[in-house]
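Undergrad: Below is the structure, and that's it, no one-letter string:
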DNA sequence: GTCTATAAGAGGATAGAC
DNA sequence: GTCTATCCTCTTATAGAC
């Protein structure tokens, strides 16, 4: 049944276009300022059609987060495959990807204060599964890096994990970019330094 | 005219109560999720009365930010008065205050993506003046600390400044607090470590 | 300046024809 | 599944009496 398969593909492509738009708008305006009308308008379909694909605005955000998680997991897998890297170097590589993605305006960020949205995400198995997988993978590297003494052992792994996750919504990137005087690479290098080496000078 | 003065004091007290409520609600729910109705209800006055004191929701947020800036400037002045501290130690002291304030739920944070709100703040002289004063004061310490080689000289002072400002809305604090397993002091110590010493181990 | 009542409009979600 | 048109709630802001 090639017809059915074709229809399915067309619909999937449309859904991907929707998710891509949502990701951009989330990164650009944030969840609360993103309207479903704007999403529909930019995708070029009617709002009612949008609701045939996704049940709610929260579902839209969840789909964007799931796709982003997949990209992150993909990046982790690629880094995993690179031989000869230390655990710390792997963590740095993934962090750099996070910063690049945010600076490119493709990292959706959700307000941690919106409890309705948070509950929707917590109830989303697709999202939670990916989040836990990602946490586990990074957690392994964190433990390894602390074992080989390349990562500060005073910090509990969870604190390190949260600190790395927080790079996805670090406002410093946007502040430095707004000045317009620095290249993206330069900005990322600075944030990498402050994240891993700290603000205080090293001997 | 003691009557006039008394009335003025009463009104000022009410305005301060409003601002205090706004600060708490901003910290708790964020700007978009904070409704003017909720502010009025918690202060215990009618919404129309609220609008006699502040012209708009944005003005409410601006007032909260101004008061917070004043607290920050006050803290900076106190730290300035303590003798025998290095520039780096002064920066750490102010940063610690920032983290304590946020963890106590008294640090209002505004979404950097809301452009209407940002424009309102940029047009608010009271806010901008304080922001620039604070930036100048911290900037001096940053330059000093880089001169005495206690702060990483690879980072431009502006990047350091933004990184310190960003501690006011660092989500890591809330994440660690949500676990409920750690004391506030412990959490702050960890964030201080990751901020100034970095995640990577020091020799 | 404080209240009650209401205007005015944005935005999430749906009905029903095709 | 897509559209147009509409519903309905929430929210900012104001009118007007006291």
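TA: Right, received. Where do you want to start? Quick caveat, the model's predicted, so the values are computed rather than measured.

Undergrad: any idea how far residue A:75 is from residue A:203?
TA: Noted for residue A:75: a distance of 33 Å to residue A:203, by CB to CB, to the nearest Å. To be clear about C-beta, it is placed using only N, CA and C from the backbone, and glycine gets the same treatment.

Undergrad: surely residue A:144 meets residue A:87?
TA: Yes. Counting by CB atoms under 8 Å, residue A:144 touches residue A:87, with 3.7 Å between them.

Undergrad: Who has more neighbours out of these two?
TA: residue A:87 (19 against 16; other CB atoms under 10 Å in any protein chain shown).

Undergrad: Ramachandran angles for residue A:83?
TA: The phi/psi pair for residue A:83 (degrees, to the nearest 10) reads phi -80, psi 160.

Undergrad: do residue A:108 as well
TA: Backbone torsions for residue A:108, taken as degrees, to the nearest 10, come to phi -70, psi 140.

Undergrad: Surely it is in contact with residue A:21?
TA: No. Using CB under 8 Å, residue A:108 is not in contact with residue A:21; the gap is 10.8 Å.

Undergrad: Between these two, tell me which one has more neighbours.
TA: Using other CB under 10 Å, the more surrounded residue of residue A:108 and residue A:21 is residue A:108, with 26 against 21.

Undergrad: Contact partners for the more buried one?
TA: Residue A:108 is in contact with A:22-23, A:26-27, A:61, A:64-65, A:68, counting by CB atoms under 8 Å, 6 or more residues apart in numbering or on different chains.

Undergrad: Kindly recompute the last result at 7 Å.
TA: By CB atoms under 7 Å, 6 or more residues apart in numbering or on different chains, the residues touching residue A:108 are A:23, A:26-27, A:64-65, A:68.

Undergrad: Which of those fall within strands?
TA: Using DSSP state E, no member of the contacts of residue A:108 falls within strands.

Undergrad: Quick one: those residues as a markdown table, columns for distance to residue A:117 and neighbour count too.
TA: Putting the contacts of residue A:108 into a markdown table (distance: CB to CB, whole Å; neighbours: other CB atoms under 10 Å in any protein chain shown) gives the following:
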| residue | distance to residue A:117 | neighbour count |
| --- | --- | --- |
| A:23 | 15 | 23 |
| A:26 | 11 | 25 |
| A:27 | 16 | 21 |
| A:64 | 12 | 25 |
| A:65 | 10 | 23 |
| A:68 | 15 | 22 |
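
Undergrad: and the residue in chain A that chain B sits nearest to, what does it touch?
TA: The nearest approach of chain A to chain B comes at residue A:198, 3.1 Å away (CB to the nearest CB). Shown in contact with residue A:198 (CB under 7 Å, 6+ apart): B:195-198.
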